Each structure stands twice: as structure tokens, then as C-alpha cells.
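Student: What follows is a predicted protein model with its sequence.
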Amino acid sequence: MAEVVIVSSADDAGALVADEIVRLISRTPDAVLGLATGSTPLPVYRALAPRLAGIDVSRVRGFALDEYVGIDPGHPESYRNVIAREVIEPLGLDPARVRVPDGSLEGIEHAGDDYERALHDAGGVDLQILGIGTDGHIGFNEPGSSFASLTRVKTLTEQTRDDNARFFDTVDQVPRHCITQGLGTILRARHLVLLAFGEGKADAVAGAVEGPVTASLPGSAIQLHPHATVIVDEAAARALRFADYYRYTFANKPEWQGL
């Protein structure tokens, strides 16, 4: 079972994860971070920026989870630009050491294999930040995705396009395809940290943590991982049957264990 940490706010969650990332970089200066986009990980990046002051991050590497296929690289909502704006610049990372899947139409047939090769050559991800969709997707692995899947092109569901429409002028501007790390790729990371906030994520969180392991809810793949941490606010924890147990175990956890 994943470790579940229930906090009072998204900012509290961001501080916990930021502290863990600082510990990781302090002991592994060339750490590889798995970077998620969207609103969920923003509290982590905001909390991390001041904590990295005075810490050498010149060797830190990063890999984004996904990218839209066919989006104009100059579009403000291409994940290449989002990662640059929300992660690379505020954290002071070397842009040359942070990769995003190539969503260009030219060469898209082998872009997944290229990304897998780059991940392998980097030695794999040390800590992967994840969000979860209302339908249980992680990355852009929609319901039905294989637990063995690797980086590949996927078709986005209408629900996911509707969820992401807030970043565009209209839902029609949201691309229909993406390139995403697969569930098998994500499960290779040494530490998974899944974040979820708000009542709208409560059912997906409960299914991922306490429900059956099923491709119908891709987030449930975290149950197969030896070191997965799920951090949620009270609203997102609403449907968890064992919430009191999670609170008790975290309150009594040895401090040296970290997350």
C-alpha cells in the first residue's frame, strides 16, 4: 500500500514535497526529477524555489511526463513552455538538462522510443511528481492503459480535454493527441509522489489507493510500486476508508524516514 499523507492545504503538501526534493538533491547533486504540469504540482514548485537558494542545482536533470502532439512549440500552453515558465526559470535549472517529449508531427512515430532511450541513458527518475485526473489518469494514461505501457502517443478523452480547457480559450483548442510516459515508464521511477487536492479528486484518489488494481483506473498502478507517497488535502481524502489510520501512521513516523 502507498503511504498516504493527509494535510490541511495544498501549500502544506508543497512544503513537504519540496523538503524531500531538497534532501534528494543534497545527497544526489545530479538527481533526476520527474516533472508534472497542470495546477496540482504548482505548490511544490513555489515552495521549492526559496529552499534551493544557495544549493547547486547545475547538475539536476528533469524529464516531463507528457506533451501535446501537434501544438505550436511557441504556444504558451505547450508543456515545453509550461515547464520552462513554472520549473526551469524559478528553480534555476539548466534548460539543456530538462527534457520534454517531442510532440512535433515530424518524427512522432519514433518520439516515444527516443524519450525512453533518453530516460534510460539518464539512469532513470529518482522522484516522480504526479497528479491524478478526475477519471483516474496519471500522465496522459487514460482508462484502459496497459500497466506495461511505455512512452507513446495517446488519444485524449473528452473528459480530459474538458478538464484542460481552462488553460485554453475554448475546448476546441485543446489538442486531441498527446505523447506521454506510459504506466510502465512511470513505475520505473524510484519514488512516486502523487498529489491531489479538492473534493473533485476524492473518488479517483480512493480508487487509486484503496480500490482494485485495474487498467480502468490507471492511478491504481501506484499500488504496485515499492515507494509511493500520496499527499492529499482533507477534501481529496473524503472518500478514503482508512483516513484515520493514515493520519496515525504519519504522525508516528520516524522523522529520519522522510517521505
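Tutor: Cool, the structure landed.

Student: gap between the longest helix along the chain and the chain center?
Tutor: With DSSP state H setting the assignment, residue counts place helix 10-27 as the longest helix in the chain. How far helix 10-27 lies from its chain's middle: 14 Å, per CA atoms, centre = their mean, to the nearest Å.

Student: can you check stretch 60-75 too?
Tutor: For stretch 60-75 - counting by CA atoms, centre = their mean - the centre lies 13 Å from the chain centre.

Student: Flag every buried residue along stretch 18-34.
Tutor: With burial defined by 16 or more other CB atoms under 10 Å, the residues of stretch 18-34 counted as buried are 18, 20-21, 24-25, 31-34. Every residue, glycine included, has its C-beta placed from N, CA and C.

Student: quick check, nearest of these to D56?
Tutor: Nearest to D56 among the buried residues of stretch 18-34: I25, at 8.4 Å, using CB to CB.

Student: got the contact list for the closest one?
Tutor: I25 sits next to 31, 52, 55, 57, 60 when contact means CB atoms under 8 Å, 6 or more residues apart in numbering.

Student: mind running it again at 7 Å?
Tutor: 31, 55, 57, 60 (CB atoms under 7 Å, 6 or more residues apart in numbering).

Student: Buried ones among those?
Tutor: Taking 16+ other CB under 10 Å as the criterion, what is buried in the contacts of I25 is 31, 57, 60.

Student: give me the element the second one is part of.
Tutor: Following DSSP states H and E, one finds V57 outside all helices and strands.

Student: Span of stretch 190-208 from start to end?
Tutor: In stretch 190-208, first residue to last residue: 19 Å (CA to CA, to the nearest Å).

Student: For the residue nearest in space to the middle of the chain, give the beta-bridge partners.
Tutor: Nearest residue to the geometric centre of the chain (CA atoms, centre = their mean): L130, 2.2 Å. Beta-bridge pairing of L130 under DSSP bridges involves L194.

Student: Can you give me the distance of it to L35?
Tutor: 10 Å (CB to CB, to the nearest Å).

Student: rewinding a little: identify the residues contacting the next helix or strand after the longest helix of the chain?
Tutor: Of the helices and strands lying after helix 10-27 in sequence (DSSP H and E), the nearest is strand 32-35. With CB under 7 Å, 6+ apart as the contact definition, strand 32-35 has outside contacts at 21, 60-65, 83, 87, 122-129, 189.

Student: let's go with 8 Å and repeat that
Tutor: Taking CB under 8 Å, 6+ apart as the rule, strand 32-35 contacts 21, 41, 60-65, 83, 87, 98, 122-130, 186, 189.

Student: Any of the residues you listed buried? List them.
Tutor: Using 16+ other CB under 10 Å, the buried ones in these are 21, 41, 60-65, 83, 87, 98, 122, 125-130, 186, 189.

Student: Just these: which are in helices?
Tutor: Reading helices off those with DSSP H, I get 21, 83, 186.
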